[in-house]
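S.K.: this one's structure only:
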């Protein structure tokens, strides 16, 4: 089982719809969770972090965490064509030292159709 | 968020030459920096972990003598691609983690990347 799994997509949604991106992780002791957005030809950009079960909202983005199910998701409301990118889920494993990198999923490609 | 810079943003070199890429954390101290490589339409691949004042830790399959990493200070790490060949052409991205006392909730911040083309 991969440590962090995401559906590679592409996930296509119409403009204005809600895009739902999902991620599962294998290490039950994982402590913190991140979503990065990567546009084609660019480096990843941190857009959300979440540490506790439940929802965390920031503008059009909502991150959801369920540690019991080992599941984290990202919702994008009122999707715009400019949201078209690859979204990377990253996990900071439990008891991880500072010099251990985040574990990244392979990313889900989102395409928002105008 | 914290800012990480990389220089150069792109470089074209001849086969057999060496190329140095700099990664700087601009507004925070980073005891640890990470170097990634990404080929077109592929996922990030971690190459090595760079620790200030000590030797880098390389991922399996990454040649440490080919990809030299130096982390001279808390704000600067360099990656040198030695004797570059066309197959080394890729997008190289560094990432830094802020020096925190706690250590559990550390995001990684990415530099803008360096596109290397070896002719």
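M.R.: Yep, that arrived. Computed from a predicted structure; not experimentally measured. Numbers count the residues shown, from 1 in each chain, chains lettered A, B, ... in the order given.
S.K.: Any idea which helix or strand in chain A has the lowest mean pLDDT?
M.R.: strand A:103-104 (a mean of 92; mean pLDDT, DSSP states H and E).
S.K.: Going by contacts, tell me the helices and strands next to that one.
M.R.: In terms of contacts (3 or more Cβ pairs under 8 Å, 6 or more residues apart in numbering or on different chains; DSSP states H and E), strand A:103-104 is packed against strand A:85-92. (C-beta placed from N, C-alpha, C; glycine too.)
S.K.: Return the list of strands paired to the strand it packs on, each annotated with direction.
M.R.: Paired neighbours of strand A:85-92 in the sheet (DSSP bridges): strand A:32-38 (antiparallel), strand A:103-104 (antiparallel), strand A:108-113 (antiparallel).
S.K.: Can you give the contact residues for the second one?
M.R.: Contact partners of strand A:103-104, identified using Cβ atoms under 8 Å, 6 or more residues apart in numbering or on different chains, comprise A:3-4, A:25, A:27, A:36, A:88-93, B:43-44.
S.K.: which residues touch the spatially most central residue of chain B?
M.R.: The geometric centre of chain B, computed from its C-alpha atoms, lies nearest to residue B:35 (Cα atoms, centre = their mean), at 3.2 Å. Going by Cβ under 8 Å, 6+ apart, residue B:35 touches B:23, B:46-50, B:67, B:69, B:77, B:79, B:92-95.
S.K.: what about the nearest residue to residue B:19 once chain neighbours are set aside, neighbour count?
M.R.: Excluding the flanking residues, the one nearest residue B:19 by Cβ to Cβ, 6 or more residues apart in numbering or on different chains is residue B:81, at 4.8 Å. Residue B:81: 24 surrounding residues under other Cβ atoms under 10 Å in any protein chain shown.
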